[in-house]
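have a look at this fold, sequence not included:
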């Protein structure tokens, strides 16, 4: 029996060095197809991706959306992600397809290869669970991937305030971002629709999932503090998002961001308080098994792909400031 093949689909709106690193890393892990949908035209990203095999790039411009089944660009990113993921699902030639974001990186592929190969025929997707990157206060990061990783859950309601103090209210299950994970979906099922996290059946009906596969996806919820701040500021303009945020911690982050417009210092304190750990906090989280110290380094994959990328914090923030100048000015984040 041949080894199952797998691929990735992502709708991306990030600095081009992150998009290229995302593609190169997953190619190095063995992805047979990488479907990237650029949420806005990006000539530099197109140049960087042009030499990568198996990367299929779609520019989601006005013509693309006009030709889509909806006939227009969905107003919320989640709607665009769903549409693009299902477009890739309908076209892919791989056996399994993962829908994730450009700030989410598979840690390794051996585990999921084994789980795909041994999955029962009725299993329709593998639940891949998260780790979330945090920074060390005593080792300020030089690169956007530096740091260590925390696990969700682990009885956060019992120890969260003890570890994070007043910043605990901005976390859910101990994370600033989501903890549910992402789905690696078996392809070729006409009654399955891809979704943001896991697939579904239109009109209802159970989806057969695997037991969770822990510690598989590394989530960089903000590659830099500025990146997370802009992520929150952007969401304030999404219709109804502030009121509909299901993630209690994210909702608290967004309400804080809304209340602290024009106050960059307050935003910086909130981001640091939730995503930077002191030595004492690290020791406490280590005691309860909530941290993974294994580093992540995509540079070997970049070398294999002949990509020379500056992945420093300074270069990434410079790209963000150029790319998001209008949002930065609107949100009052220049001071």
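Looks like it came in fine. Because the structure is a prediction, the values reported are computed rather than measured.

in this structure, which spans are helices?
Applying DSSP state H to the chain gives helices spanning 16-29, 43-49, 62-66, 77-91, 110-118, 156-164, 225-235, 241-244, 248-259, 264-275, 279-287, 299-304, 313-323, 325-331.

in the last one, what counts as buried?
Okay, so that is helix 325-331. For helix 325-331, the neighbour count (16 or more other Cβ atoms under 10 Å) marks 328, 331 as buried. (C-beta placed from N, C-alpha, C; glycine too.)

need the contact partners of it.
229-230, 233-234, 261, 321, 334 (Cβ atoms under 8 Å, 6 or more residues apart in numbering).

re the thing from before, please identify the most buried of the helices of the chain.
helix 16-29 (a mean of 23; mean count of other Cβ atoms under 10 Å).

please name every helix or strand in contact with it.
strand 6-12, strand 33-38, helix 43-49, strand 104-106, helix 299-304, helix 313-323 (3 or more Cβ pairs under 8 Å, 6 or more residues apart in numbering; DSSP states H and E).

run the chain-centre distance for that helix.
In this view, helix 16-29 has its centroid 13 Å away from the chain centroid, taken as Cα atoms, centre = their mean, to the nearest Å.

and the angle from that helix to helix 313-323?
Interaxial angle of helix 16-29 relative to helix 313-323 (axes from the mean of the first three to the mean of the last three Cα atoms, to 10 degrees): 120 degrees.

what average pLDDT does helix 16-29 get?
The predicted model assigns helix 16-29 a mean pLDDT of 98.

for the remainder of this discussion, apply numbering that starts at 253.
All right, first residue 253 from here; so that's helix 268-281.

who's in contact with it?
By Cβ under 8 Å, 6+ apart, the surrounding residues in contact with helix 268-281 are 260, 262, 264, 286, 288, 290, 294, 296-297, 300-301, 304-307, 354-355, 357-358, 360-361, 396, 475, 550, 552-554, 556-557, 559, 561-563, 567-568, 571.

that older thread, with the contacts of helix 577-583 in mind, which one is nearest to residue 402?
Relative to residue 402, the closest of the contacts of helix 577-583 is residue 481; by Cβ to Cβ it sits at 19.8 Å.

the closest one contacts residue 585, doesn't it?
Yes: with contact defined as Cβ atoms under 8 Å, residue 481 counts as touching residue 585 (6.2 Å).

which residues are common contacts for those two?
Common neighbours of residue 481 and residue 585 (Cβ under 8 Å, 6+ apart) are 516, 519.

quick one: end-to-end distance for stretch 487-505.
11 Å (Cα to Cα, to the nearest Å).

pretty sure residue 329 contacts residue 291?
Yes: taking contacts as Cβ under 8 Å, residue 329 lies within contact range of residue 291: 7.2 Å.

what do those two both touch?
Residues within reach of residue 329 and of residue 291 at once, by Cβ under 8 Å, 6+ apart, are 263, 265.

hmm, back to that, so which of the helices of the chain is nearest residue 433?
Among those, the nearest to residue 433 by Cβ to Cβ is helix 362-370 (12.2 Å).

okay, angle between that closest one and helix 268-281 too, please.
Computed by the same axes, to 10 degrees, the angle between helix 362-370 and helix 268-281 is 50 degrees.

name the residues that touch helix 362-370?
Here helix 362-370 has contacts from 253, 255-256, 258, 282, 347-348, 358, 378, 380, 436, 462, 465, 468, using Cβ under 8 Å, 6+ apart.

also stretch 339-346?
In contact with stretch 339-346 (Cβ under 8 Å, 6+ apart) are residues 257-259, 261, 284-285, 287, 289, 310, 349, 437, 439, 444-446.

between which two of the residues you listed is the distance greatest?
Pairwise over the contacts of stretch 339-346, using Cβ to Cβ, the maximum falls at 284 and 445, 22.0 Å.

nearest to residue 320, out of the helices and strands packed on helix 268-281?
strand 285-290 (11.2 Å).

now for that closest one, which elements pack on it?
strand 258-264, helix 268-281, helix 295-301, strand 307-311, helix 329-343.

can you put the ones you listed in JSON lines and add distance to residue 370?
JSON lines is the format used below for the helices and strands packed on strand 285-290 (distance: least, Cβ to Cβ, whole Å):
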{"stretch": "strand 258-264", "distance to residue 370": "14"}
{"stretch": "helix 268-281", "distance to residue 370": "19"}
{"stretch": "helix 295-301", "distance to residue 370": "33"}
{"stretch": "strand 307-311", "distance to residue 370": "29"}
{"stretch": "helix 329-343", "distance to residue 370": "23"}
